[in-house]
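# Sequence plus predicted model, see below.
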Amino acid sequence: MNVVFLMTGSNIGDRNKNLRTAEEQINNIIGQVISKSSIYETAPWGNAMQKSFYNQALKIKTSLSTNEVMSAILKIELDMGRKRTFKNAARIIDIDILFFNDSVIKTKSLEIPHKEIINRRFVLVPLDEIAGDLIHPVFQKKIKTLLKECVDPLEVFRIKEI
């Protein structure tokens with residue numbers, strides 16, 4: 001079984017419901033959600049002229065490969081109504097693969113670990129909640145250490161505990 005960490009985010013419509021729907025679909029299509037963070041609210045990254053995001057980190061056990069997980073994520077996003085318009089646009093749902101076991105993958109269409117983990121508090125804070133001792137396979141540092149070193153100025157607020 002593979003262990004995968006995902007980040008879900010939403011800033012259109014009922015953000016809480018969107019995260020719940022994504023979690024259900026992930027559980028049904030990709031694999032069992034074995035751990036999840038609280039839900040956090042954060043200002044939008046890269047495009048401040050939109051509603052704030054709700055974000056949540058999920059830990060999944062799956063028998064799927066990285067490509068199968070990526071295909072399933074794209075299908076879930078599409079089925080939920082995500083429209084890809086421009087970079088950092090508002091979205092009903094966004095699902096990113098943060099880690100896939102301790103794999104390091106860099107292709108034209110997929111980079112694991114996600115290349116922006118170390119620069120984004122909205123990823124590190126929820127991830128620290130469920131996997132603070134996880135070691136980043138590229139930087140060889142624990143998530144809690146990367147969070148302490150992160151210079152991202154955006155505040156991250158816990159809005160709902162699990």
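Looks like it arrived, so ask away. Numbering: from 1, shown residues only.
# Run through the helices of this protein in chain order.
Assigned by DSSP state H, the chain shows helices spanning 15-25, 66-79, 121-131, 143-149.
# and the first one, which residues are buried?
By neighbour count with 16 or more other CB atoms under 10 Å, helix 15-25 contains the buried residues 15, 18-19, 21-23, 25. For the C-beta atoms, the positions are set from N, CA and C on the backbone; glycine is no exception.
# Which residues are in contact with residue 58?
5-8, 23, 26, 33, 35-37 (CB atoms under 8 Å, 6 or more residues apart in numbering).
# ok, now residue 152?
Here residue 152 is in contact with 119-122 (CB under 8 Å, 6+ apart).
# So for it, what's the nearest residue that isn't a sequence neighbour?
residue 121 (4.3 Å; CB to CB, 6 or more residues apart in numbering).
# any weak-confidence spans in this protein?
46-48, 84-90, 160-162 (pLDDT under 70).
# Quick one, which of the contacts of residue 58 are buried?
Counted by 16+ other CB under 10 Å, those give 5-8, 23, 26, 36-37 as buried.
# and those residues as TSV, adding distance to residue 96?
Formatted as TSV, those follow (distance: CB to CB, whole Å):
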residue	distance to residue 96
5	9
6	7
7	5
8	8
23	14
26	12
36	15
37	14
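# quick one on the thing from earlier: of the helices of the chain, flag the one that's most buried.
Scoring those by mean neighbour count under mean count of other CB atoms under 10 Å gives helix 121-131 as the most buried, with a mean of 23.
# CA atoms of that one as PDB?
Extracted C-alpha coordinates of helix 121-131, given in PDB (Å, rounded to 0.1, in the frame of the first residue of the first chain):
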ATOM      1  CA  ARG A 121       2.100  28.100   5.300                       C
ATOM      2  CA  PHE A 122      -1.400  27.100   4.200                       C
ATOM      3  CA  VAL A 123       0.100  23.700   3.300                       C
ATOM      4  CA  LEU A 124       2.700  23.300   6.100                       C
ATOM      5  CA  VAL A 125       0.300  24.200   9.000                       C
ATOM      6  CA  PRO A 126      -2.300  21.500   8.300                       C
ATOM      7  CA  LEU A 127       0.400  19.100   7.300                       C
ATOM      8  CA  ASP A 128       2.200  19.700  10.500                       C
ATOM      9  CA  GLU A 129      -1.000  18.900  12.400                       C
ATOM     10  CA  ILE A 130      -1.200  15.300  11.000                       C
ATOM     11  CA  ALA A 131       2.500  14.600  10.100                       C
END
